[in-house]
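>>> Sharing a model that was predicted from the sequence below.
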Amino acid sequence: MSLSPDALTVTLADEADTIRLGEDLALALRTGDCLALTGDLGAGKSTLARAFLRAMADDPDLEVPSPTFTLVQAYDLRIPVAHFDFYRLADGSELDELGFEEALNTGICLVEWPEMAESELPQNRIRLILEHEGDGRRATISADAPQRQRIERVLTIRDFLSRQGLGTAKRRYLTGDASVRAYEYLPLDHGKRLILMDWPRQPEGPPVLDGKPYPKVAHIAEDAYPFVALAHALRERGFAAPEILAADYDRGILLLEDLGTDGVLDDEGRPIAERYLESARFLAALHEKPVVRDIPVTADHTHHIPEFDRTAIKMEARLLIDWHLPWKRGTPATEAERQSYSAIWDGLVDRLERAEKNLLLRDFHSPNIIWRPFEKGVRRIGLIDFQDAMIGPTAYDVASLVQDARVTISPDLRRQLMEAYLAARRAQGGFDEDGFLAAWSIMAAQRNCKLAGLWVRLMQRDGKAGYMKHMPRTLAYLATALEHPDLAPLRDWCAAVGIGAPES
C-alpha cells in the first residue's frame, strides 16, 4: 500500500489479492457509503464486489448474481448492501426508480460502471479504480477524510497481520462496542480462529474536571497497555484471560487467543442460571487473591492499576444529572439539585472507605463473559473486557453481574447469585457480610446512575440510540439498589426530581 494526499494505491499481484481487498473493505464501509468501482472489462470489479458481499455475509458460498440485467441486487446483511451495475443504464435519472437514495440511507451502495451515472452519484462516494499492471492489477482509492481513514485503518491491520505471518488470513467482523474498540476474527484451519482487537488511539477530549478529559478522570484505558497488563496478571493468578499473541501499541492492534464463542445467555437472550452462578463463584475466587498494582508490560512501560477513587465514582454518577435528568424532564438540573446530589454522593463514598477493596473488572456482565464448558472451576469463565480494571470495592463487580445491564435478572436468580457469592466468601473466612451488602447497594446505585446517563449520552452525542432499550431495566435496577436504608438520601433526591423505576 502506498499513500498520497489524494489517493491510496494498493498493488494486487493476483486474484487472491483482489479478493482480500474486497474482504477488507467490508470491514471499513458503513451505512451511507457508496463504493464506485471503475475499470475495464476483466479488471476485477466483479471479483472484488463478490468478495465484499461474501465477507459482509460471512458466507463464502453466498450466491452473487451479476446485476447487469436487473441493474440492482439487494442483500439483507449485517449492513444492508445494494449491488448496482449501471452498464445498461439508459439515463442517470433512472436511479430514483431503482431506489438508490433509499438504499444509501439504509445501507451501503456498491456500484459497478459508475461513469454511466456520474452526475447522479453522491459527491462523497468512494472511488476505486482497478487497472492492469503487469501480471496483476493496481487499485487506486480516493475518498473523503472519514472514509479514507477507515480504509487506511483496515489496510494498516492487513500490514500488521503480514508482519505476523498472517498476510493471507481471512478477516471477518466480530463485534463493536460502546467504545472505540472493534473486533475481528480470523478463521483458521480445523475450526480454530484468532481474535483481533482494533483499538486506534483517539484525540484527547475536552477537559471536564481540573483540566483533565473524562477518560483520565474516570480512569478509562486509552491504549492497549492496560489490557495486556491485566491479561498477564489474570493468567498468572489462574484465571482464563486471552493470551496476547502480538501487539502493536503505537497503532493499537492486538492479536489474541480465542477463548470460545459460548456466552452466558441462551438462544432467546435469557440468562442461563448455571453459567451465572459459576460467574458469581468466579468473582468470589477473584476477590480472595491479592493483586499487584504495578505490572510491567514492556521494557519501558509499566501499568499502574488505578484506584476507583472519590473523583472517579462521582464523575461516573454525575452522568445521571448531566444527561439523564435533562432528557427525562426537558430541563437541566438546577444548581441546588447539583449541589445536593454531589453532597449525597460524598456521604456514600465516605461509607465506602470501610468497604473491602480488591481488583474490580468494571464491566463483568453478559457481553464480556465467555462460557468454557470443557474447563473446570473458575477456568470455565473466560474474560475478554478488563482494560479499565481498578482497585475498588469488590461489591462493584457483583453488582455488575447480579444487575446485568444487558439482560433482565429475575429476583429469584438475583437471590441465587448473591447467595452463591456470599457462601463462597464465607467459606474463605474473615468476610464482613453486612459491610459488603451495604457496599453492594451503593455500588449498584452508582453503576445504574452512570448507565442511566450513559444510554442517553450514547444516543444524543454518539448517535447510538440502540442502547436506550436498556433504560427501563436500568431504572428498575436502580430502584432495587435504593431500597437499602443507607441509600435513603439518594432515594429521596431521585423522587424529588422525578427519576424512578419505569411504570409497569
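Sure, I can see it. Numbers count the residues shown, from 1 in each chain.

>>> you'd agree Glu278 is up against Arg380?
Yes - with contact defined as C-beta atoms under 8 Å, Glu278 reaches Arg380; the gap is 5.5 Å. Backbone N, C-alpha and C define where each C-beta goes, glycine included.

>>> list residues touching both of these two?
Contact with both Glu278 and Arg380 is made by no residue, according to C-beta atoms under 8 Å, 6 or more residues apart in numbering.

>>> Tell me which residue lies farthest from the centre of this structure.
Distance to the chain centre peaks in the chain at Ala90, reaching 44.4 Å (criterion: C-alpha atoms, centre = their mean).

>>> helix, strand or coil for that one?
coil (DSSP: H, G, I helix; E, B strand; the rest coil).

>>> how far away is it from Ala117?
To Ala117, Ala90 is 10 Å away according to C-beta to C-beta, to the nearest Å.

>>> and Asp346, how many residues sit next to it?
Neighbourhood size, Asp346 [other C-beta atoms under 10 Å]: 12.

>>> For stretch 116-132, what is the spacing between the initial and final residues?
21 Å (C-alpha to C-alpha, to the nearest Å).

>>> go on, stretch 22-34?
14 Å.

>>> Go ahead and name everything in contact with it.
Contact partners of stretch 22-34, identified using C-beta under 8 Å, 6+ apart, comprise 35, 47-56, 79, 104-109, 111, 121-122, 124-126, 147, 150-151, 153-155, 157-158, 170-171, 173, 184.

>>> Against Met116, how distant is the closest residue to Glu15 other than its chain neighbours?
Nearest non-adjacent residue to Glu15, counting by C-beta to C-beta, 6 or more residues apart in numbering: Thr47, 6.1 Å away. According to C-beta to C-beta, Thr47 stands 20 Å off from Met116.

>>> With Arg50 instead?
Arg50 is 20 Å from Met116, where distance means C-beta to C-beta.

>>> In the stretch 151-300 of the chain, what residue spans correspond to strands?
For the stretch 151-300 of the chain, the strands defined by DSSP state E, counting those that start in this stretch cover 172-176, 182-187, 193-198, 207-209, 212-213, 244-248, 253-257, 294-298.

>>> Let me have these in JSON lines, adding mean neighbour count as columns.
Listed next are the strands of the stretch 151-300 of the chain as JSON lines, based on neighbours: other C-beta atoms under 10 Å:
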{"stretch": "strand 172-176", "mean neighbour count": "15"}
{"stretch": "strand 182-187", "mean neighbour count": "18"}
{"stretch": "strand 193-198", "mean neighbour count": "20"}
{"stretch": "strand 207-209", "mean neighbour count": "14"}
{"stretch": "strand 212-213", "mean neighbour count": "16"}
{"stretch": "strand 244-248", "mean neighbour count": "17"}
{"stretch": "strand 253-257", "mean neighbour count": "21"}
{"stretch": "strand 294-298", "mean neighbour count": "15"}
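
>>> The ones you listed: which one's closest to His232?
With C-beta to C-beta as the measure, strand 294-298 is the member of the strands of the stretch 151-300 of the chain nearest His232 (6.5 Å).

>>> domain ranges for this structure?
The chain breaks down by automatic domain parsing into domains covering 2-145, 260-497.

>>> looking at this protein, which helix or strand is least sure?
The helix or strand of the chain with the lowest confidence, counting by mean pLDDT, DSSP states H and E, is strand 2-3 at a mean of 50.

>>> And the next helix or strand past that strand?
With elements assigned by DSSP states H and E, the helix or strand that comes after strand 2-3 is strand 8-12.

>>> what angle sits between the helix or strand that that next one is followed by and strand 172-176?
On the C-terminal side of strand 8-12, the closest following helix or strand by DSSP H and E is helix 15-28. Orientation of helix 15-28 against strand 172-176 (axes from the mean of the first three to the mean of the last three C-alpha atoms, to 10 degrees) gives an angle of 10 degrees.

>>> Show the average pLDDT along helix 15-28.
The average of the pLDDT scores along helix 15-28 is 97.

>>> Also stretch 102-120?
93.

>>> quick one: the strands in the stretch 1-150 of the chain?
Secondary structure of the stretch 1-150 of the chain (DSSP E, counting those that start in this stretch): strands located at 2-3, 8-12, 34-38, 72-75, 81-85, 108-112, 126-133, 136-142.

>>> now the longest one: how far from the chain's centre is it?
Distance of strand 126-133 from its chain centroid, counting by C-alpha atoms, centre = their mean, to the nearest Å, is 33 Å.

>>> quick one: strands adjacent to it?
Strand pairing for strand 126-133, using DSSP bridges, gives strand 34-38 (parallel), strand 136-142 (antiparallel).

>>> For Thr11, which of those strands is the nearest?
When the strands paired with strand 126-133 are ranked by distance to Thr11, counting by C-beta to C-beta, first place goes to strand 136-142 at 6.0 Å.

>>> Can you tell me what sits against that closest one?
6-14, 17-18, 21, 43-44, 126-132, 148, 151.

>>> List of residues touching stretch 167-185?
Contacts of stretch 167-185 (C-beta under 8 Å, 6+ apart): 16, 20, 23-24, 26-27, 55-56, 58, 78, 157-158, 161, 186-188, 193-200, 202, 258, 367, 385, 454, 458, 464, 467.

>>> what packs against the helix or strand where Tyr396 lies?
Per DSSP H and E, Tyr396 falls inside helix 395-402. Contacts defined by 3 or more C-beta pairs under 8 Å, 6 or more residues apart in numbering; DSSP states H and E place helix 395-402 against helix 273-288, helix 411-428, helix 433-460.

>>> now the angle from that helix to helix 433-460?
Using the same axes, to 10 degrees: helix 395-402 against helix 433-460 is 60 degrees.

>>> Using PDB, list the CA coordinates for helix 395-402.
The C-alpha trace of helix 395-402 is given here as PDB (Å, rounded to 0.1, in the frame of the first residue of the first chain):
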ATOM      1  CA  ALA A 395     -19.100  -5.200  45.600                       C
ATOM      2  CA  TYR A 396     -19.000  -3.300  42.300                       C
ATOM      3  CA  ASP A 397     -18.400  -6.400  40.100                       C
ATOM      4  CA  VAL A 398     -21.000  -8.400  42.000                       C
ATOM      5  CA  ALA A 399     -23.500  -5.600  41.300                       C
ATOM      6  CA  SER A 400     -22.400  -5.600  37.600                       C
ATOM      7  CA  LEU A 401     -23.200  -9.300  37.400                       C
ATOM      8  CA  VAL A 402     -26.300  -9.500  39.500                       C
END
